[in-house]
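Engineer: here is my input; please provide its structure:
(one chain, ligands or ions: 1)
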Amino acid sequence: MSSQVLREARKYEELKEQTIAQKERPLFHLSSRVGWMNDPNGFSYYAGKYHLFYQYHPYDTCWGPMHWGHAVSSDLLRWEYLPAALAPDTACDSDGCFSGGALEAENGQHMLIYTGVSRQAQENGEVRDIQTQCVAFGDGIDYRKYHKNPVVDIKDLPADSSRFDFRDPKLWKGCDGQYYFVAANNRADESGGRILLFSSLDGLDWHFESILFENDGSFGKMWECPDFFELDGRWILLVSPQDMLPKDFEYHNGDGNLCFIGDLDRKTKTFLPTADQAVDYGIDFYAAQTLLTADGRRVMIAWMQNWDTCNNNHQSKRKWFGQMCTPRELRVQNGRLFQRPVRELEAFRRNPVTYTNVLVQDIVTLEGIKGRTADLELELSPENSEEIYRKFEIHLAKNDQYHTSVSFRPYESILKLDRKFSGSRRAIIHQRRCRVARNGGKLKLRILIDRFSVELFVNDGEQAMSATIYTDMAADGISFYADGNVRMNLSKYDICMG
Ligand code: FRU
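Structural biologist: This next block holds a predicted model:
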């Protein structure tokens, strides 16, 4: 039966939600039902629907005692909120139900696995958060926590592992019929994240298998929110590293997102990466999680936000905080992770406006090209291949006062996303750059604009860049600019969810 803590959260969210008008939310991105949202959790398909849970503090628009919010969808884009699924209400999760995964269990129930957090006094008197792995079973709406939780605790960790950083289990069923999860852990001296692999025959009795892979110090410190799956004949490990140092245009400072492509040594149960890359080169993207659709697509979703900037949100009097990125289909191509918005989005594209071979010199605006809920496809090429243009720029969400810009300098092959003039009043990160494939000034871009975000997909999804923007809705203009001569093909669709 549900606890008082969960019942109160459910009552609160139902009432408070009514104060948020639809137009105050993103159109096709899931936002927090009320209060605060961070990581996607339990992204899974169950009983005919996609389920997406999320780290949730219903009572305020800042992080607090973590609940699991819950939404379902048939198309990954139109989400319906369901009552909160988990609340911090048992001994092992009294201080939070942290991130985790989900799948349909053998018995037909929806199984959730999550990190229970409880503050405990240590031998030296210090009070620390203790993180253990817990499970719950439900019917897609109500979940019952297993009475013997936690199912994995710090006694199950390797001797040289941190006793304090142990979280974010991602669950799957192996082709051998066993349950597996990967979880984030740290070395005991906190020198770097490691990913642990556990297995179970029934989902209740778990065994430590191996340290699947660990940070050699090149990729920040602690790693959070791992996901591990096979894709196009390779194995992919996604992690969200903390405290990164920048590396060229690939990795930026602070919390990042990281993809390793490699192979699995099934004997030693260790992962052997052969390549690494950022998943998203923009500003707001963290804690990615994937699912496998019935038709075999690996779809990724992530928190479209970053920890370094979100603590300024108090200034904004916002009624909700936190949204997910557009779900993206993944593939491995030329040794890289490619991503594109889920194909379901195409069904919501309306009112196409197409231009071919537009010559962009200086500033250009085009009849019918504007909007704050739109999908744009652009192909650029130099007017004269002997004389490549110096810069191409698009302004989005634009009026006299505001704009967000996407600019491309072919000589350096640098694409820049800049939200400095988006209406932000804080000294937060406003720009990110990404080095794209050099192709004689040719570039393909797909841009998704929602009310509070911009997502770019470069060269058929070879790279992506995402950022939130909180620009006045009246700023719905789009303009183009070139220093030099650019030929542009352009299609623009309104996104309509009705
Ligand atoms: C990542 C994270 C997770 C943790 C959760 C807590 O954003 O720090 O490691 O489970 O958020 O809300």
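Engineer: residue ranges with poor pLDDT in the stretch 1-150 of the chain?
Structural biologist: Low-confidence segments of the stretch 1-150 of the chain, defined by pLDDT under 70: 1.
Engineer: ranges for the helices of the chain?
Structural biologist: Using DSSP state H, the helices of the chain run over 4-17, 307-310.
Engineer: what's the closest of those to the ligand?
Structural biologist: When those are ranked by proximity to the ligand, the top entry is helix 307-310, at 6.6 Å, counting by Cβ to the nearest ligand atom. Just so you know, the C-beta spots here come from the backbone N, C-alpha and C atoms, and that holds for glycine as well.
Engineer: what's that closest one in contact with?
Structural biologist: 254, 255, 283, 284, 286, 321, 322, 426, 428, 429 (Cβ atoms under 8 Å, 6 or more residues apart in numbering).
Engineer: re earlier: quick one: the helices of the chain as a markdown table, columns for mean neighbour count and distance to residue 234 too.
Structural biologist: Converted to a markdown table, the helices of the chain look like this (neighbours: other Cβ atoms under 10 Å; distance: least, Cβ to Cβ, whole Å):
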| stretch | mean neighbour count | distance to residue 234 |
| --- | --- | --- |
| helix 4-17 | 16 | 40 |
| helix 307-310 | 18 | 29 |
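Engineer: mind putting the ones you listed into JSON lines with distance to the ligand?
Structural biologist: Formatted as JSON lines, those follow (distance: least, Cβ to the nearest ligand atom, whole Å):
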{"stretch": "helix 4-17", "distance to the ligand": "15"}
{"stretch": "helix 307-310", "distance to the ligand": "7"}
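Engineer: out of those, flag the one nearest residue 75.
Structural biologist: The closest of those to residue 75 is helix 4-17. By Cβ to Cβ, the value is 21.5 Å.
Engineer: next one: that closest one to chain centre, how far?
Structural biologist: 26 Å (Cα atoms, centre = their mean, to the nearest Å).
Engineer: for that helix, packing partners?
Structural biologist: If contacts are counted by 3 or more Cβ pairs under 8 Å, 6 or more residues apart in numbering; DSSP states H and E, helix 4-17 sits against strand 67-73, strand 80-86.
Engineer: contact residues of the stretch 1-150 of the chain facing the ligand?
Structural biologist: Contact residues, the stretch 1-150 of the chain versus the ligand (Cβ under 6 Å from any ligand atom): 38, 39, 55, 66, 98, 99, 115.
Engineer: can you convert the residues you listed into JSON lines and add a column each for neighbour count?
Structural biologist: Below are these laid out as JSON lines (neighbours: other Cβ atoms under 10 Å):
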{"residue": "38", "neighbour count": "23"}
{"residue": "39", "neighbour count": "26"}
{"residue": "55", "neighbour count": "25"}
{"residue": "66", "neighbour count": "26"}
{"residue": "98", "neighbour count": "26"}
{"residue": "99", "neighbour count": "30"}
{"residue": "115", "neighbour count": "26"}
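Engineer: among those, which are in strands?
Structural biologist: Within these, residues falling in strands by DSSP state E are 38, 39, 55, 98, 99, 115.
Engineer: closest one of those to residue 250?
Structural biologist: Looking across those and measuring by Cβ to Cβ, the closest to residue 250 is residue 39, at 23.0 Å.
Engineer: OK, contacts around the spatially most central residue of the chain?
Structural biologist: The chain has residue 302 as the residue nearest its centroid, 1.1 Å off, counting by Cα atoms, centre = their mean. With contacts defined as Cβ under 8 Å, 6+ apart, the neighbours of residue 302 are 40, 257, 279, 280, 285, 286, 287, 288, 289, 324, 325.
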